[in-house]
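Trainee: Give me the fold of what follows.
(one chain, ligands or ions: 1)
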Amino acid sequence: MRCTVLSDGYFSYPAAWFFPNAEPGELAAALESRRLSHDSIVSPYTCLLIETGRHVVLVDTGAGPGLTTGGAIGARLEMCGIRPRDVDTVVLTHAHPDHIGGAVDERGRPAFPNARYVISEAECEFWNGPRPALRDTRLPGEVKAAMLETARRCLQTLRHQLESIDGESGIVPGVRAIPAYGHTPGHLAVLLASEGEQLLNLGDAAAHPLHLEHPDWHNGFDHAAARAVLTRRCLLDRATREGMHVMAFHFPFPSMGRVSPRDGGWQWSPGW
Ligand SMILES: [Zn+2]
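Mentor: Residues are numbered from 1 along each chain as shown. So this is what the prediction gives:
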């Protein structure tokens, strides 16, 4: 199995959106110690290409057309010699715009014409439901409205190629989707196993390495923050116990590393 991390781009978010319940002094000290801005968080968008020999799988699709600092996934795949029609499986960890936006091209058609798009049933039901409740996300109203519009538009466009799954499911040999609810009602993590090694793609179960050091710090984009914290702890416990490589969509590129327990949380060590 060959895995390649692909940068779709990035976006700068107000720091308060990323850590809404962090004690301000503690957050300031944590950012200061890393020489990070107190105002904005530059957040990478990192997709994962998996080539198994029989399958070409893409985990998350980036922001798609319309974001000036993102939407590069097509160009990145081309650099790897992969054409859109070669991708046979797309796994959507969830339907937030930075993950599903690239699943639809600028002409409003599925960006990967031959792919099955795997997503959890709970995620589809939530966004397609009559009144998706975004009340627990700690974001401005216009951001919530844009999230809803993008999710609904993309899911509608992809409807003939969607494959919704329920519970832990094999996607292709060596690639499994794991329920990781909390960030969204149907958020998935993705677990890869090949030749005795495992890689756990957390999706957005943690959006910044500070969410590992302070696992109880929420992410303003979490739909159910308390559940998201439990999910995060559960995934990181498992990654630690089983010595997995870990990837997270929004971590500093190449968004790949290891985790080890420290002070009640986890330390992030970038690299393979
Ligand atoms: Zn995200």
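
Trainee: Quick check: phi and psi at the closest residue to the ion within the stretch 151-272 of the chain.
Mentor: In the stretch 151-272 of the chain, the residue that lies nearest the ion is residue 204 (4.4 Å; Cβ to the ion). Where C-beta positions appear, they are placed from N, C-alpha and C, glycine not excepted. As for residue 204, its main-chain torsions (degrees, to the nearest 10) stand at phi -110, psi 20.

Trainee: what sits against it?
Mentor: By Cβ atoms under 8 Å, 6 or more residues apart in numbering, residue 204 lies in contact with 93-94, 96, 99, 183-184, 187, 219, 221, 248-250.

Trainee: Dump those to TSV, plus secondary structure and distance to the ion.
Mentor: As requested, the contacts of residue 204 are exported to TSV (DSSP: H, G, I helix; E, B strand; the rest coil; distance: Cβ to the ion, whole Å):
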residue	secondary structure	distance to the ion
93	coil	8
94	coil	8
96	coil	5
99	helix	6
183	coil	8
184	coil	10
187	coil	10
219	coil	9
221	coil	7
248	coil	10
249	coil	6
250	coil	6
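
Trainee: Farthest-apart pair in these, please.
Mentor: 184 and 248 (15.3 Å; Cβ to Cβ).

Trainee: who has more neighbours, these two?
Mentor: More neighbours surround residue 184 than the other of residue 184 and residue 248, with 30 against 27 (other Cβ atoms under 10 Å).

Trainee: Hmm, the more buried one is touching residue 123, no?
Mentor: Yes: when contacts are counted by Cβ atoms under 8 Å, residue 184 is listed as touching residue 123 (6.1 Å).

Trainee: Any buried residues in the least confident helix or strand in the chain by mean pLDDT, and which?
Mentor: Ranking every helix and strand in the chain by mean pLDDT, DSSP states H and E puts helix 15-18 at the bottom, with a mean of 90. Across helix 15-18, burial judged by 16 or more other Cβ atoms under 10 Å covers 15-18.

Trainee: where in the stretch 1-150 of the chain is pLDDT low?
Mentor: Residues of the stretch 1-150 of the chain meeting the criterion pLDDT under 70: none.

Trainee: Can you tell me the SS state at residue 126?
Mentor: helix (DSSP: H, G, I helix; E, B strand; the rest coil).

Trainee: and what of the one 5 residues further on?
Mentor: Judged by three-state DSSP, the three-state class of residue 131 is coil.

Trainee: Please report how far it lies from the ion.
Mentor: 23 Å (Cβ to the ion, to the nearest Å).

Trainee: Would you agree residue 83 is in contact with residue 77?
Mentor: Yes: the pair residue 83 / residue 77 is scored as a contact, 7.5 Å apart, by Cβ under 8 Å.

Trainee: Looking at these two, which is more packed in?
Mentor: residue 77 (22 against 12).

Trainee: so residue 66 makes contact with residue 98?
Mentor: No: using Cβ under 8 Å, residue 66 is not in contact with residue 98; the gap is 11.6 Å.

Trainee: Could you check which of these two is surrounded by more residues?
Mentor: Applying other Cβ under 10 Å to residue 66 and residue 98 shows that residue 98 carries more neighbours, namely 26 against 11.

Trainee: Please verify my assumption that the more buried one contacts residue 61.
Mentor: No: Residue 98 sits out of contact with residue 61 when judged by Cβ under 8 Å, with a separation of 9.2 Å.

Trainee: Now the common contact residues for the two.
Mentor: Shared contacts of residue 98 and residue 61 (Cβ under 8 Å, 6+ apart): residue 8.

Trainee: The one helix or strand residue 266 maps to pairs with which strands, and in what direction?
Mentor: Here residue 266, judged by DSSP states H and E, is contained in strand 265-270. Here strand 265-270 has these sheet partners by DSSP bridges: strand 256-262 (antiparallel).
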